[in-house]
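Peer 1: have a look; sequence and predicted model below, questions after that.
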Amino acid sequence: MTKHIFVTGGVASSLGKGLTASSLGRLLKMRGLRVTMQKLDPYINVDPGTMNPFQHGEVYVTEDGGETDLDLGHYERFIDEDLHRESNATTGDIYRTVIAKERRGEYLGQTVQVIPHITDEIKARIHALATPDIDIVITEIGGTVGDIEILPFLEALRQFRQDVGRQNVAYIHVTLVPYIGPSEEQKTKPTQHSVTELRSRGIQPDAIVCRSDRPLATHVKQKISRMCDVDEPGVVSAADASNIYAIPLVLHDEGLDTYLCDLLRIDAPEPNLDEWADMCRRWKDATDTVRIGLVGKYTDLPDAYLSVTEAIRHGAGTAGVRPHIVWIPSDETEGLLAGERLSGLDGICVPGGFGERGVEGKIQAAEYARENRVPYLGLCLGLQCAVVEYARNVCGMPGANSTEFDPNTPFPVIDLMEGQRDVEDKGGTMRLGAYPCRLLPGTRAEQAYGDLVVYERHRHRYEVNPRFMGQLEASGLVCSGISPDKRLVEVIELPEHPFFIASQFHPEFTSRPNRPNPLFREFLAAAAANARGDLDTATSRRRQVTIDVTRES
């Protein structure tokens, strides 16, 4: 029978429940177990798709087009499994489902209540992942114990153990153990209060993961064990880590995975962590640094670009360098083209986004990278800005723009596809999830992927206008990736530039720490070459290969 692990949090938000759950998933998978993961979020939004990134960070997109919480990105990066829209559920989504059932008469005249109807729907979402090919489902509950929104979820979790049997469920609670400087003490009282609140909802944690800025002293562990009624091996010290991918190693050293396997009566071999540990060691030992400018409009909240920054780290790890990300607000355009903000960078990345604010700054960043031969990687809107810039400054199309930002532009090089302009529900015009892309043989994109057809995830509405593709390509822009029906541009590149590639899709969503997405891998390799001062030499070698392959084709 499928086993279930539930991860809750207390004391404060942003303690790392998602990273704890992800790291545990990695450890269990490396024991040979089949693991999947899920996030239950108490907010009332149906999904994060309409939420401001400043409030909630990035919107992560699954293969099947689900717009989900950013923690699903951590899940996928750690357990290296593609999740789906059912892997994330919210209060809004659950209530919408229950109300729809009531309207259809499925409750046969019952009074619809939180218990049992809402809690039953929550449990149904958890049961749905417990398929015959899954050994363990790890479910993280968003928010913190004590939040009013979380109560139905805690009640559902309490009932769940009764439904499936105590031996099939484990509860993990993540808390804070602060260090008080003047008294030089680690304080357990916040953890005690948090566990008391959790127990008041009928849940006794089996393990407590204690977040702190330093390892827990033995006597602190013993005190938490005694006061919270948790076995001492179940009290885990999770001190701050300089590299999030080292957390599985920390939790294994603390014995969390072994403790849970014993608790759930799982017979699984010890994990072989050598390859993962070697990866973390290589990253730690890297001495050379590359400066990557990330030009966006949500730079005050780095979580808004979480998958992008992680993919940059993945590519840097493969290149054997340390990434130093320079956050550049795209809505502060003064000095961008003059190089006051962009000079000294080894690479420039322009990520996606919605809305007009900051777009001109992104266009200027693309122009600076093109003219100064700085490696450039554009993502989604980063591709569109590069096309607009190229149309304006190379193709002789003054005022070229996207109709998203200027409906009256004389050169709408970016536009909605035909048939979408009059759709009132703009959400219905979004391309979401994985779509195929055909790569042009001999191009840098095809060399990076090593394949002619790739599948990458999308989240956008506007496209390169096919009416202008001929003019763009005649001026030297190469549309190196297109949709199978040849209507949509997926990848562009400049063959005479050391490295200038942009994609309409989001390659960051498929990047993994031990297997970087090819575009990020090559982008960071180019940035590292630029930092060493041999970018042009490396580019000449790549360009010769491109010419030869293209000629053979």
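Peer 2: Nice, thanks for sending it over.
Peer 1: dump the residue contacts of I482.
Peer 2: For I482, the contacting residues are 437-438, 440, 488-490, by Cβ atoms under 8 Å, 6 or more residues apart in numbering. Where you see a C-beta, it was placed from the backbone N, CA and C, and this is true even at glycine.
Peer 1: let's see 6 Å
Peer 2: For I482, the set of contacting residues under the criterion of Cβ atoms under 6 Å, 6 or more residues apart in numbering consists of 438, 489-490.
Peer 1: would you turn the residues you listed into a markdown table with distance to V230, secondary structure and pLDDT?
Peer 2: Supplementary listing: the contacts of I482 in a markdown table, determined by distance: Cβ to Cβ, whole Å; DSSP: H, G, I helix; E, B strand; the rest coil; pLDDT from 0 to 100:
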| residue | distance to V230 | secondary structure | pLDDT |
| --- | --- | --- | --- |
| R438 | 55 | strand | 97 |
| V489 | 56 | strand | 96 |
| E490 | 51 | strand | 97 |
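Peer 1: what's the closest of the residues you listed to Y95?
Peer 2: The shortest approach to Y95 among these belongs to E490, at 37.5 Å (Cβ to Cβ).
Peer 1: surely that closest one and P436 touch.
Peer 2: No: in terms of Cβ atoms under 6 Å, E490 does not count as a neighbour of P436; the distance is 8.9 Å.
Peer 1: so these two - more neighbours on which side?
Peer 2: Set side by side, E490 and P436 give different neighbour counts by other Cβ atoms under 10 Å, the larger being at E490 (26 against 12).
Peer 1: tell me where the model's unsure across the protein.
Peer 2: Across the chain, the stretches falling below the confidence threshold (pLDDT under 70) are 338, 418-429, 537-553.
Peer 1: who's in contact with stretch 263-272?
Peer 2: Contact with stretch 263-272 is made by 3, 27, 30-33, 167, 170, 206, 261, as judged by Cβ under 6 Å, 6+ apart.
Peer 1: so can I have TSV of those residues showing secondary structure?
Peer 2: Compiled in TSV, these are given as follows (DSSP: H, G, I helix; E, B strand; the rest coil):
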residue	secondary structure
K3	strand
L27	helix
M30	coil
R31	coil
G32	coil
L33	coil
Q167	helix
A170	strand
D206	coil
C261	helix
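Peer 1: tabulate these (a markdown table), appending neighbour count and distance to K362.
Peer 2: As requested, the contacts of stretch 263-272 are exported to a markdown table (neighbours: other Cβ atoms under 10 Å; distance: Cβ to Cβ, whole Å):
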| residue | neighbour count | distance to K362 |
| --- | --- | --- |
| K3 | 25 | 47 |
| L27 | 27 | 40 |
| M30 | 21 | 40 |
| R31 | 20 | 45 |
| G32 | 11 | 45 |
| L33 | 19 | 44 |
| Q167 | 12 | 54 |
| A170 | 23 | 46 |
| D206 | 20 | 48 |
| C261 | 21 | 48 |
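Peer 1: quick one: which of the residues you listed is nearest E140?
Peer 2: Comparing these against E140 with Cβ to Cβ places A170 closest, at 13.2 Å.
Peer 1: do you have the helices of the stretch 251-400 of the chain handy? List them.
Peer 2: Assigned helices in the stretch 251-400 of the chain, in chain order: 256-263, 274-285, 306-319, 359-372, 381-393 (criterion: DSSP state H, counting those that start in this stretch).
Peer 1: and these: which comes nearest E121?
Peer 2: Closest to E121 of the helices of the stretch 251-400 of the chain is helix 256-263 (Cβ to Cβ; 27.2 Å).
Peer 1: report the buried residues of that closest one.
Peer 2: 256-261, 263 (16 or more other Cβ atoms under 10 Å).
Peer 1: swap in stretch 350-362?
Peer 2: Using 16+ other Cβ under 10 Å as the burial criterion, the residues of stretch 350-362 that qualify are 350-353, 358-362.
Peer 1: same check, this time on stretch 471-488
Peer 2: Residues of stretch 471-488 classed as buried by neighbour count (16+ other Cβ under 10 Å): 471-472, 477-483, 488.
Peer 1: let's have these in JSON lines, adding secondary structure.
Peer 2: Output for these, formatted as JSON lines (three-state DSSP):
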{"residue": "Q471", "secondary structure": "helix"}
{"residue": "L472", "secondary structure": "helix"}
{"residue": "L477", "secondary structure": "coil"}
{"residue": "V478", "secondary structure": "strand"}
{"residue": "C479", "secondary structure": "strand"}
{"residue": "S480", "secondary structure": "strand"}
{"residue": "G481", "secondary structure": "strand"}
{"residue": "I482", "secondary structure": "strand"}
{"residue": "S483", "secondary structure": "coil"}
{"residue": "L488", "secondary structure": "coil"}
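Peer 1: what's the closest of those to P215?
Peer 2: Using Cβ to Cβ, the shortest approach to P215 within the buried residues of stretch 471-488 belongs to G481, at 48.0 Å.
Peer 1: the closest one - nearest residue in space that isn't next to it in sequence?
Peer 2: Setting aside the residues directly before and after it, G481 is nearest to V491 in space (Cβ to Cβ, 6 or more residues apart in numbering), at 2.9 Å.
Peer 1: tell me how many other residues surround that neighbour.
Peer 2: When neighbours are counted by other Cβ under 10 Å, V491 registers 30.
Peer 1: ok, the strand or helix carrying it: who's next to it in the sheet?
Peer 2: When secondary structure is defined by DSSP states H and E, V491 falls within strand 489-493. Strand 489-493 has the following sheet partners, assigned by DSSP bridges: strand 478-482 (antiparallel), strand 500-503 (antiparallel).
Peer 1: wait, what's in contact with the residue nearest to G481?
Peer 2: Contacts of V491 were listed using Cβ under 6 Å, 6+ apart, and they are 445, 480-481, 503.
Peer 1: rerun at 10 Å
Peer 2: Listed by Cβ atoms under 10 Å, 6 or more residues apart in numbering, the contact set of V491 reads 378, 383, 437-440, 443-446, 448-449, 454, 456, 478-482, 501-505, 507, 519.
Peer 1: and the helices in the stretch 451-553 of the chain?
Peer 2: Read by DSSP H, counting those that start in this stretch, the stretch 451-553 of the chain holds these helices, from start to end of the chain: 469-474, 518-532, 535-552.
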